[in-house]
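Student: got a predicted structure plus its sequence, pasted below:
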Amino acid sequence: MVRAKDGDRETVQLGDERLTFTFDEKAARRAVEFFPRYLKHFKGPRHLIGKPFDLAPWQFDLIWNVFGWKRRDGTRRYRVVFVGIPRKNGKSLFAAGLALLLLVADDEPGAEIYGAASDREQARLIWDYAKQMVLRNEELRALLEVFDSSKRITFRDPYTYGPGFYEAIPADAAGALGFNASGIIVDELLTQPNRKLVDALTTSVGARSQPLTIYFSTAGFDKGTICGEEWDRAQAILDGRTVDPFYYAVIFQAGEKDDAFSAKTWEKANPGWDYMGPQFREFLKAEARKAKTVPAFLNPFKMYHLDLWQRQSIRWMPMDAWDRCGQLLDDLKGRDCWMGVSVWDSAKMAAAVLVFAPPGGDEQDEGTYDVLPFYWIPRDAVDREKDMTDSYLSWEANTFLTVQPTKALDMGAMRRDLLALLGKYRVKGFSGDRLAMFEFAQEIEEAGIPVTAAQHTTTSMSAPTKDMLRLVMSGRLRHGGHPVLSWNADNVVVISDTSGEIRPSRTKSVKSIEGICALVMAVGQAITGRKPEEASDFGFAVIA
């Protein structure tokens, strides 16, 4: 990029207002020179340790622009900075240096700099980096006092600018009173559990003439978060879809169609490719090899090292293979089937899935299984989940989902629907999780259907989970393109134990996976073909 020079001007039309900004090279140079003059590397690539903190090109450009562009009144143009950047590019040490710059070299009376993170350990990380850099510089030691117990670094100059401080605070400090922030550095915005702390800090800057909020984050898998919102805002500015002359955005990432295993792609996404040295490049190569060998590592690799948002943290279900199983169902009349019912939370979605064995059985393990899902959701959940409301209503209109006019699931109505299914199809077995067993097991048994309770073990859940994936990958599971079940499949995140046993996890999956939970239960029964007298020995994990 072409770096601005002293006196350069930029004019921005913002609504009816025409704004003019001027570049102050002296201010920009003062800020970039703070790093090598006062700070030294003490952590990171071996070739940098002990040397002055000469900024990487991406760091230099950010400081040059953010601290150089000024408004007509002489204050900083930019008030918010967003940096989307993969891990291991020197972001944490840079963030610590920024905190010290804002504290001692920003000409801010009574500066209050806050380093915000998701938890105390993460908040202390950047603060500890700042502490180590202070202790390694005689001039900073004379100006600053370090308090380990409170994780605060205090500026000792009460005469020129008044006392100031830099403090590390975790997300649970959101309710603290008295913030008057002049600088806010949010490390890994992705990990903030909600927006409470960020809102508490950013709404406290009203008395400051040029407050600065800096967000650092990698990509994630849930755009319905404060990080997703801020990322989309930054991307819209970069794309020119939104005009905000006070917001500085930079995102380093690969392209969606780039080869994830190409060194050119890694270099494109990681601005520290050359600066961080050969050790960093070897690290990326090793991570890429792991992602290529073990599919479960592919999404984390794309998120954390290519800065690409994914739809889930660990992509378990290959959706291209799932989509190929979307053919119309075969004739279901007279065929044996098994039912799985998942009702984990009565305030959310519930599912029942029938799995029909191949006509004539499947002794050779070569037949195709047909899947028929049913869903229920209370109206309150439809209204509450704003990002899903339109989808829920569309599915309801097309009879893929039953929306009950209630705040919680109407178990009586659902029970009647299940009993109607028992009367319509040849159901040979029933399995459900805790709430499903509590609500429906007695009447299912009274209808003459063997009932199996779910067991909370990964070991018992692993086999039917793997069987379901095996059927999908071989094209032997036919779901008719049911949109709700396909949505569930795309949401699934699995967890595993040290033995390699796996199970879907509701707590790790961002959105509902109820249909997949029920499908796994039903597939397990259909494949094993348990006889009624063996049903009591049959176990499934309760999916948590």
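Tutor: Here it is on my side, so go on.

Student: where does the prediction get shaky in the stretch 1-150 of the chain?
Tutor: Screening the stretch 1-150 of the chain residue by residue with the criterion pLDDT under 70, one finds the ranges 1.

Student: one more pass at 50, please.
Tutor: Residues of the stretch 1-150 of the chain meeting the criterion pLDDT under 50: none.

Student: the stretch 201-350 of the chain too?
Tutor: Along the stretch 201-350 of the chain, no part satisfies pLDDT under 50.

Student: 90 instead?
Tutor: Flagging of the stretch 201-350 of the chain using pLDDT under 90 yields the residue ranges 206-207, 220-225, 275-279, 290-300, 310-321, 328, 330-331, 333-334, 344.

Student: and the helices in it, which stretches?
Tutor: Secondary structure of the stretch 201-350 of the chain by DSSP state H, counting those that start in this stretch: the helices cover 226-239, 263-269, 278-293, 298-306, 319-323.

Student: can you say which of those is packed in most?
Tutor: helix 298-306 (a mean of 21; mean count of other CB atoms under 10 Å). C-beta coordinates here come from the backbone N, C-alpha and C atoms, glycine included.

Student: and the angle for that one with helix 278-293?
Tutor: With axes from the mean of the first three to the mean of the last three CA atoms, to 10 degrees as the basis, helix 298-306 and helix 278-293 are set at 160 degrees to each other.

Student: wait, what's in contact with the closest residue in space to residue 302 that isn't next to it in sequence?
Tutor: Distances taken as CB to CB, 6 or more residues apart in numbering put residue 308 closest to residue 302, at 4.5 Å, once the chain neighbours are dropped. Neighbouring residues of residue 308 by CB atoms under 8 Å, 6 or more residues apart in numbering: 219, 253-254, 256, 302.

Student: now for the residues you listed: which two are most distant?
Tutor: 219 and 256 (11.5 Å; CB to CB).

Student: who's more crowded, those two?
Tutor: Neighbour tally, residue 219 and residue 256, criterion other CB atoms under 10 Å: the higher count belongs to residue 219, 24 against 9.

Student: and stretch 304-317, how far out from the chain's middle?
Tutor: Between the centre of stretch 304-317 and the centre of its chain there are 8 Å (CA atoms, centre = their mean, to the nearest Å).

Student: do the same with stretch 444-458
Tutor: Mean-position distance between stretch 444-458 and its chain equals 35 Å (CA atoms, centre = their mean).

Student: start to end distance for that stretch?
Tutor: Distances were taken as CA to CA, to the nearest Å; on that basis the terminal residues of stretch 444-458 are 26 Å apart.

Student: and the helices in the stretch 51-200 of the chain?
Tutor: 57-68, 91-104, 120-135, 138-143, 196-202.

Student: buried residues, the fourth one. List them.
Tutor: What it means is helix 138-143. Within helix 138-143, the residues that count as buried by 16 or more other CB atoms under 10 Å are 140, 143.

Student: could you list the residues in contact with it?
Tutor: Counting by CB under 8 Å, 6+ apart, 38, 100, 104, 133-135, 155-157 sit against helix 138-143.

Student: picking that back up, could I get the helices of the stretch 51-200 of the chain as JSON lines with distance to residue 25?
Tutor: Supplementary listing: the helices of the stretch 51-200 of the chain in JSON lines, determined by distance: least, CB to CB, whole Å:
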{"stretch": "helix 57-68", "distance to residue 25": "6"}
{"stretch": "helix 91-104", "distance to residue 25": "17"}
{"stretch": "helix 120-135", "distance to residue 25": "26"}
{"stretch": "helix 138-143", "distance to residue 25": "24"}
{"stretch": "helix 196-202", "distance to residue 25": "29"}
